[in-house]
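1. I need the structure of the sequence given here:
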Amino acid sequence: MIKIKPFLKALIKENLIYIFGFFILIILNLTLIFTGIKKITTLNSEIINLSKDLENLNKKVILINNYSSNSRIIEENIYFLNKLIPNSEDYFSIIYSLENLSQKTGFIITQYNINIGTSTSEKIRLNIIGTGDTLSFLNFLKEYNFGGGRLITSDNIELNKDIGDSIKIDLTFYNKKVDIKNQDVIANNYEKIFENLEKIKKRINFNFDEEISLQNNSATYPLKNNPF
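-> Predicted coordinates for the structure are as follows:
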């Protein structure tokens, strides 16, 4: 056991308030240091986020300045993208897209079923069954992504022996409402994006004037011979 000399003990008692204050100051200083470090970290994070926001705004300005001279291009591309991936699902556009693919490729879709179990609010999955020769089937594989006027993907194709020589294909249609305010702009790639859009338009023979005229004249899709 440590023994404290009477003189030292008396000295501690006389200066106890100063010793206590000293430790209080140390604790306060440590608290201020940690609080300051945390504040600096928070401010640095905010500066980084603000810098990113400023950079994104500058990219948007660049994008607008490059295409503001021709607002028709922007309007056309927005309309086109809304057709490929609509804000909400329209089952008539799915049927119309399948009809377009059948007429364009010669691959006749004889049956289709919506797969409710694997569909979500932003994608609809269909099982389709179709018939056609080798050429028409290859044309379908070449065109189905955009050729019907909708963005379509497939992850399974198989020969359906239960129905003659029919081919079963799983297709997915997409829809998504996009909040433009929260989207980042990659200004370095915008030219490539517009080039790709123009290529897709040519693949599906997209004509903006005809689309607008059709939309103004009728609220329904045009009638065609039923390929099903």
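
2. who touches Ser97 in this structure?
-> Residues touching Ser97, when contacts are defined by CB atoms under 8 Å, 6 or more residues apart in numbering, comprise Gly148, Gly149, Arg150, Ile152, Phe173. C-beta coordinates here come from the backbone N, C-alpha and C atoms, glycine included.

3. centre of the chain versus the host helix or strand of it, how much separation?
-> Ser97 is part of helix 91-105 when elements are defined by DSSP states H and E. Here helix 91-105 is found 24 Å from its chain centre; the criterion is CA atoms, centre = their mean, to the nearest Å.

4. Alpha carbons only: can I get it in PDB?
-> What follows is helix 91-105, C-alpha atoms only, in PDB (Å, rounded to 0.1, in the frame of the first residue of the first chain):
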ATOM      1  CA  TYR A  91     -50.200  -4.000 -71.800                       C
ATOM      2  CA  PHE A  92     -51.500  -2.800 -75.200                       C
ATOM      3  CA  SER A  93     -48.000  -1.600 -76.100                       C
ATOM      4  CA  ILE A  94     -46.600  -5.100 -75.200                       C
ATOM      5  CA  ILE A  95     -49.100  -6.700 -77.600                       C
ATOM      6  CA  TYR A  96     -48.500  -4.100 -80.200                       C
ATOM      7  CA  SER A  97     -44.700  -4.600 -79.900                       C
ATOM      8  CA  LEU A  98     -45.100  -8.400 -80.300                       C
ATOM      9  CA  GLU A  99     -47.300  -7.800 -83.300                       C
ATOM     10  CA  ASN A 100     -44.700  -5.500 -84.900                       C
ATOM     11  CA  LEU A 101     -41.900  -8.100 -84.300                       C
ATOM     12  CA  SER A 102     -44.000 -10.900 -85.900                       C
ATOM     13  CA  GLN A 103     -44.700  -8.700 -89.000                       C
ATOM     14  CA  LYS A 104     -41.200  -7.500 -89.300                       C
ATOM     15  CA  THR A 105     -39.400 -10.800 -88.900                       C
END
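
5. now Thr118, nearest residue through space, not along the chain?
-> Nearest residue to Thr118, sequence neighbours excluded (CB to CB, 6 or more residues apart in numbering): Arg125, at 4.7 Å.

6. distance between stretch 90-97 and the chain's centre?
-> Taking CA atoms, centre = their mean, the mean C-alpha location of stretch 90-97 is offset from the chain mean by 21 Å.

7. where does the chain have low pLDDT?
-> In the prediction, the chain carries residues with pLDDT under 70 at positions 1-15, 60, 62-71, 160-164, 178-191, 209-228.

8. Longest helix in it, by number of residues?
-> Secondary structure of the chain read by DSSP state H shows that its longest helix is helix 16-67.

9. Could you double-check that Asn87 sits in contact with Ser121?
-> No: in this structure, Asn87 sits apart from Ser121 without contact. The criterion is CB atoms under 8 Å, and the distance is 11.7 Å.

10. Quick check: which element contains Asp155?
-> strand 152-160.

11. What of Leu197?
-> Taking DSSP H and E as the definition, one finds Leu197 inside helix 190-203.

12. Does anything pack onto that helix? Which helices or strands?
-> Secondary structure elements in contact with helix 190-203, counted by 3 or more CB pairs under 8 Å, 6 or more residues apart in numbering; DSSP states H and E, are helix 16-67, helix 71-84.

13. if you set the cut-off to 6 Å instead, what comes out?
-> Packing contacts for helix 190-203, counted by 3 or more CB pairs under 6 Å, 6 or more residues apart in numbering; DSSP states H and E, involve no helix or strand.
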